[in-house]
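**Student:** predicted structure and sequence below. I'll ask about it afterward.
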Amino acid sequence: MSAVREPTSIRVLRATIIIVAMVLTCAPVLYGVLLSLRPFAAALNDPLSIVPSLDEISIDAYVQALRSTADGGYGLGGFLLNSLILAAGTVLASILVSILGAYATARIRFSGRSVGNAIIVAVYMFPGIVLAVPLFVLLSRAGLTSSLAGLVIVYVALTVPVSLYMLRNYFIALPASIEDAAMIDGCSILGVIWRIVLPIALPGIAATAMYIFMIAWNEYLYALLFLVQSRDLWTAPLGIAQLTEFDTPVTILLAGSIVVTIPVVLLFVLAQRLLISGLATGAEK
């Protein structure tokens with residue numbers, strides 16, 4: 001039986017909607033990139049000129065945005081490094097904790113399991129501002145404010161509920177017969193997780209890790225709350241916030257915003273298929 005051919009009008013309408021959506025989405029970004037490559041004086045005199053001439057193209061705005069404050073720049077390079085350390089530490093700690101917790105809630109039967117799953121979802125639904133004060137008080141008493149280690153603890157506390165929920169749903173979708181066969185052969189629970197579950201669930205784990213990375217990379221509220229007095233430990237969002245001051249040239253603001261966005265965009269582009277498949281399989285929220 002031949003497939004029903006789609007009407008030409010529907011195809012034209014779909015193509016038109018896609019093109020319009022792409023223009024509305026990409027045009028401002030492209031304009032910002034082109035404007036950041038122009039000298040500030042040229043951008044100020046003719047801001048509506050979209051394509052810069054060859055003699056106007058310059059990366060001075062990027063250099064000045066990334067250069068340390070001691071060298072007369074805005075220090076965004078150091079802030080990017082702090083964000084990278086913070087995001088990587090958050091991903092490692094959160095994934096390590098979540099794998100064990102998600103497998104326990106997905107496979108092991110114990111009293112109160114359904115209540116525990118509901119609590120996990122409920123904690124994730126709390127607004128971040130509600131948890132800001134108690135977390136700040138706890139870390140202040142522990143002497144971990146104004147440190148990346150303390151902020152990693154905060155981010156792990158914020159991301160573990162969502163990573164637990166995502167990985168739990170992914171583990172439930174895996175066939176339990178393979179794990180039962182491994183246990184019959186004498187493999188322990190930890191052995192099953194290491195040798196059987198992790199290789200099979202790698203796409204879901206990678207998708208969860210990328211989601212956590214993006215949360216930690218873009219987070220602003222807690223970074224401001226815990227690091228506001230330690231400028232050398234500021235993260236990239238805090239660095240971008242300082243560029244919004246009135247006396248900052250718009251070309252430097254655009255250059256800094258683009259540089260901060262590039263790591264997340266590259267991460268998503270390089271693992272787009274893995275991210276989408278992992279989220280679709282076990283991470284509806």
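**Tutor:** Good, I have the coordinates.

**Student:** what's the domain layout of the chain?
**Tutor:** 8-58, 76-282 (automatic domain parsing).

**Student:** could you dump those to JSON lines with distance to residue 68?
**Tutor:** Where C-beta positions appear, they are placed from N, C-alpha and C, glycine not excepted. Below are these laid out as JSON lines (distance: least, C-beta to C-beta, whole Å):
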{"stretch": "domain 8-58", "distance to residue 68": "20"}
{"stretch": "domain 76-282", "distance to residue 68": "6"}
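
**Student:** out of those domains, deepest packed?
**Tutor:** Mean neighbour count (mean count of other C-beta atoms under 10 Å) peaks for domain 76-282 among these, with a mean of 17.

**Student:** what's the offset of that domain from the middle of its chain?
**Tutor:** 8 Å (C-alpha atoms, centre = their mean, to the nearest Å).

**Student:** average pLDDT for that domain?
**Tutor:** The average pLDDT for domain 76-282 rounds to 83.

**Student:** on that earlier part again, quick check: which of the domains of the chain is nearest to residue 67?
**Tutor:** Across those, residue 67 has its closest neighbour in domain 76-282 (6.9 Å, C-beta to C-beta).

**Student:** okay, which residue is most central for the protein?
**Tutor:** residue 214 (0.4 Å; C-alpha atoms, centre = their mean).

**Student:** which residues touch that residue?
**Tutor:** The contact partners of residue 214, taken as C-beta atoms under 8 Å, 6 or more residues apart in numbering, are 264, 267.

**Student:** tell me which element it falls in.
**Tutor:** helix 202-218 (DSSP states H and E).

**Student:** which other helices and strands contact the helix or strand just after that helix?
**Tutor:** Sequence-wise, the next helix or strand downstream of helix 202-218 (DSSP H and E) is helix 221-227. Secondary-structure packing of helix 221-227 (3 or more C-beta pairs under 8 Å, 6 or more residues apart in numbering; DSSP states H and E): helix 128-142, helix 148-173, helix 236-242.
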